[in-house]
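Undergrad: For reference, the sequence and a predicted model appear below.
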Amino acid sequence: MPESATATQRRPHVAVLGQHEWLVRSLESILASHGFDTRTLTGSDLAPDRLALTPPDLVVLEADPPDVVWKTALASLRETPGILKSTPILVATAEPLTREKKVEAIRAGAWDVFSHPLDAEMLVLKAKLFTTAKMDADDARDRGLVDPETDLYNVRGVLRRIYEEASEATRHRRPLACLVTAVERSEDPGEGHGEQMREIAQLLRRTSRSSDIFGRLGPNEFVVIAPGTDTAGARRLAQRLTGIPNSESTKGQDTILPPLQAGFAAVGDLTTADIEPVDLFVRAVAALRAAQARPEARIHSWD
């Protein structure tokens with residue numbers, strides 16, 4: 001199956017939000033009858049953070065009174081987990097609106113505005129257009145090399161870069177190291193988890209060399225590919241990185257980051273080492289797992 005077809009293999013998911021159930025249900029009926037997978041949040045159930053459970057491809061916000069709602073609700077939606085910059089938001093209201101009011105809504109973050117009388121055909125056409133663009137963007141991101149939350153390489157990107165660096169290390173007969181570090185897991189990561197991971201990503205970058213390459217392996221794990229680094233250098237790097245929570249803060253105030261554990265592996269010369277580049281990564285992960293099996297251990301070496 002061509003990769004470009006993946007975005008069309010599921011129905012677009014639309015969240016319809018609003019205070020007035022009759023209008024929300026009307027919008028839901030229009031969209032559902034044209035193939036959209038719809039979900040509604042109305043009245044007391046209107047909690048934008050619930051959208052993070054199933055991130056939508058489109059949000060339709062019923063706004064009444066409109067000028068009040070989009071000044072508060074639109075800003076709140078844009079800060080909601082699961083709502084990306086590429087997530088389209090349409091505003092619908094039962095009131096007639098002037099061009100000036102529509103411009104205000106778009107400036108506040110809406111992609112388009114529908115007012116009384118509602119043009120159902122145009123609503124459906126815009127919804128199809130916007131969700132197609134959103135799902136294509138998601139598909140491109142999934143097939144990309146970067147983790148959108150931290151701007152570090154994702155697993156695909158890490159594997160590509162470790163082969164690139166291994167090629168350079170082999171050509172110049174230089175050492176190469178890989179280190180995997182993990183944040184202590186929490187039963188309930190909470191709303192601040194994403195922000196905390198971004199802070200740790202920034203600290204990792206600031207505390208390492210410009211030549212080091214960083215990636216994110218999972219919700220709580222990061223990887224560092226360190227060119228020109230042997231086992232002794234990898235150990236010093238691990239000691240420096242696991243000391244981050246006690247030495248720095250991205251905010252310079254009271255931010256306290258959780259403890260880190262690290263595992264690492266290094267080779268002095270890949271031309272004589274009987275391993276594939278990916279094996280260096282696998283060994284670093286195994287070393288981390290060994291460290292995690294001993295809560296008192298902060299660092300573990302494959303060697």
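TA: The structure has been received and is ready for your questions.

Undergrad: can you pull out the helices in the stretch 1-150 of the chain?
TA: Assignment of helices within the stretch 1-150 of the chain using DSSP state H, counting those that start in this stretch yields the ranges 21-32, 66-78, 99-108, 120-142.

Undergrad: Turn those helices into TSV, columns for mean neighbour count, mean pLDDT and distance to residue 302.
TA: Backbone N, C-alpha and C define where each C-beta goes, glycine included. Formatted as TSV, the entries for the helices of the stretch 1-150 of the chain read as follows, by neighbours: other CB atoms under 10 Å; pLDDT from 0 to 100; distance: least, CB to CB, whole Å:
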stretch	mean neighbour count	mean pLDDT	distance to residue 302
helix 21-32	18	91	54
helix 66-78	17	71	44
helix 99-108	15	86	53
helix 120-142	16	89	31
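
Undergrad: Please identify which of those helices is closest to residue 194.
TA: Nearest to residue 194, of all those, is helix 66-78, at 14.4 Å by CB to CB.

Undergrad: So which residue is dead centre in this protein?
TA: The geometric centre of the chain, computed from its C-alpha atoms, lies nearest to residue 149 (CA atoms, centre = their mean), at 3.2 Å.

Undergrad: Can you list phi and psi of it for me?
TA: The phi/psi pair for residue 149 (degrees, to the nearest 10) reads phi -80, psi -40.

Undergrad: So for the residue lying closest to it once chain neighbours are set aside, what pLDDT did the model give?
TA: Excluding its sequence neighbours, the residue lying closest to residue 149 (CB to CB, 6 or more residues apart in numbering) is residue 194, at 5.5 Å. We note a pLDDT of 73 for residue 194 in this prediction.

Undergrad: Tell me if I'm right that residue 194 and residue 200 touch.
TA: No. The pair formed by residue 194 and residue 200 falls short of the contact definition of CB atoms under 8 Å, at 10.9 Å.

Undergrad: Which one of the two is surrounded by more residues?
TA: More neighbours surround residue 200 than the other of residue 194 and residue 200, with 23 against 15 (other CB atoms under 10 Å).

Undergrad: so where is the stretch 201-303 of the chain shaky, pLDDT-wise?
TA: Counting by pLDDT under 70, the stretch 201-303 of the chain contains low-confidence residues at 244-258.

Undergrad: hmm, 90 instead?
TA: Screening the stretch 201-303 of the chain residue by residue with the criterion pLDDT under 90, one finds the ranges 201-210, 218-220, 239-260, 269-276, 292, 294-298, 303.

Undergrad: Which parts of it are helices?
TA: Using DSSP H, counting those that start in this stretch, the helices of the stretch 201-303 of the chain run over residues 231-242, 244-247, 277-292.

Undergrad: Would you mind listing the residues in contact with the nearest residue in space to residue 111 that is not next to it in sequence?
TA: Closest residue to residue 111 in three dimensions, ignoring its sequence neighbours and counting by CB to CB, 6+ apart: residue 88, at 4.5 Å. Residues in contact with residue 88, defined by CB atoms under 8 Å, 6 or more residues apart in numbering, are 57, 58, 59, 111, 130, 131, 133, 134.
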